[in-house]
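# Pasting a predicted model and its sequence here:
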Protein chains: 2
Amino acid sequence: MALRSDLSGKACPIARSVDILGDPWVALILREVFGGNRRFDGIVAGTGAAESVVSSRLTMLVERGLLDKRPYDGQGRRRDEYVLTDAGADTLPILHALARWGNAHAPAPDPVRRMRVFCLTCGGEPPSADWCPTCGRALTVETTGWRKARTPEVLVRLAEV
Amino acid sequence: MALRSDLSGKACPIARSVDILGDPWVALILREVFGGNRRFDGIVAGTGAAESVVSSRLTMLVERGLLDKRPYDGQGRRRDEYVLTDAGADTLPILHALARWGNAHAPAPDPVRRMRVFCLTCGGEPPSADWCPTCGRALTVETTGWRKARTPEVLVRLAEV
């Protein structure tokens, strides 16, 4: 993205990763798409970001291979929705690690439900961003659900949305 | 930080987390401090960021409770170095998740060694950002080492630096 250094050629994989993902709106846009909110207007509403901000990030995420555009018929007009590629789906542990840190160390001003990540196979809440020790396997979009931080609690099965 | 929305009061823990951590330089500054590079000039050199960028992020990370300042004698002049608080140390899974994604999906233009995260207890390379299935316990600064993406490979034991 413009206005800062290009980190895409760095030897350090953290640097190459934050070249794409080191932006608050990118994380929130991916959160929306993981939760099945795939259309521009919905993503704007879900993130609270300005339209221009969402537009530039979606373009970048398509260019960098994390999202694909998929056409749909929007009231007779062809529009695009956004779906996760494999590379996009593999950002799930990053979102989970951010959620775990936020739950632990950045409490909301008023008590709210914690967002909880659970394993669809055993129903447990793993002590990890990406691994269920009970089942002995990785947490992926296929094996993971979210209980979102709302009242009433919203259950999201990532693979079904 | 200025010039964008305040996400610190959001119900979603991902939003509260990226309010602090959704910045490329913050991730790279934390990487440096995890690796034992705790002083201003060293962090500027290690990240490649402008001094003003490093200064503003260090101030924010101290204010938000991820780093503490610790005085040292810099050629007869009192200066501060930066050490991780418990909240700062708990960002380790986020850095690991970013590193895993970068290794997998953001290859460097020229082949370089992958940064590898290993468990100090079993010596293995866990398939997770924060959990060693072999040992059945979390990866923390005490139990984790990095093999950094350099030639020759640099071994970093996070708890010893």
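Structure's in. What do you need?
# State the helix or strand in which residue A:126 lies.
Counting by DSSP states H and E, no helix or strand carries residue A:126.
# what sits against it?
Counting by Cβ atoms under 8 Å, 6 or more residues apart in numbering or on different chains, residue A:126 makes contact with A:117, A:118, A:119, A:132, A:133, A:134, A:139. For every residue, glycine as well, the C-beta is placed using N, CA and C.
# Check the gap between the spatially closest residue to residue A:51 that is not a sequence neighbour and chain B for me.
Once flanking residues are discounted, residue A:51 sits nearest to residue A:44: 5.6 Å by Cβ to Cβ, 6 or more residues apart in numbering or on different chains. Going from residue A:44 to chain B by Cβ to the nearest Cβ, to the nearest Å gives 13 Å.
# For the helix or strand where residue A:44 lies, buried residues please.
Secondary structure from DSSP H and E places residue A:44 in helix A:40-47. Burial within helix A:40-47, assessed by neighbour count using 16 or more other Cβ atoms under 10 Å in any protein chain shown, is assigned to A:40, A:43, A:44, A:46, A:47.
# Verify the stated contact: the residue nearest to residue A:51 with residue A:54.
Yes: applying Cβ atoms under 8 Å, one finds residue A:44 in contact with residue A:54, separated by 5.1 Å.
# still on that earlier bit, format the contacts of residue A:126 as TSV; extra columns: secondary structure, pLDDT and neighbour count.
What follows is the contacts of residue A:126, written out as TSV (DSSP: H, G, I helix; E, B strand; the rest coil; pLDDT from 0 to 100; neighbours: other Cβ atoms under 10 Å in any protein chain shown):
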residue	secondary structure	pLDDT	neighbour count
A:117	strand	94	23
A:118	strand	94	19
A:119	strand	96	20
A:132	strand	98	25
A:133	coil	97	19
A:134	coil	97	14
A:139	coil	96	25
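# which one of the residues you listed sits closest to chain B?
For these, the minimum distance to chain B (Cβ to the nearest Cβ) is 6.5 Å, reached by residue A:133.
# re earlier: from the buried residues of helix A:40-47, pick the one nearest chain B.
Nearest to chain B among these: residue A:47, at 8.6 Å, using Cβ to the nearest Cβ.
# Could you pull up the mean pLDDT of the helix or strand harbouring residue A:101?
Element membership for residue A:101 (DSSP H and E) is helix A:92-105. Helix A:92-105 shows a mean pLDDT of 97.
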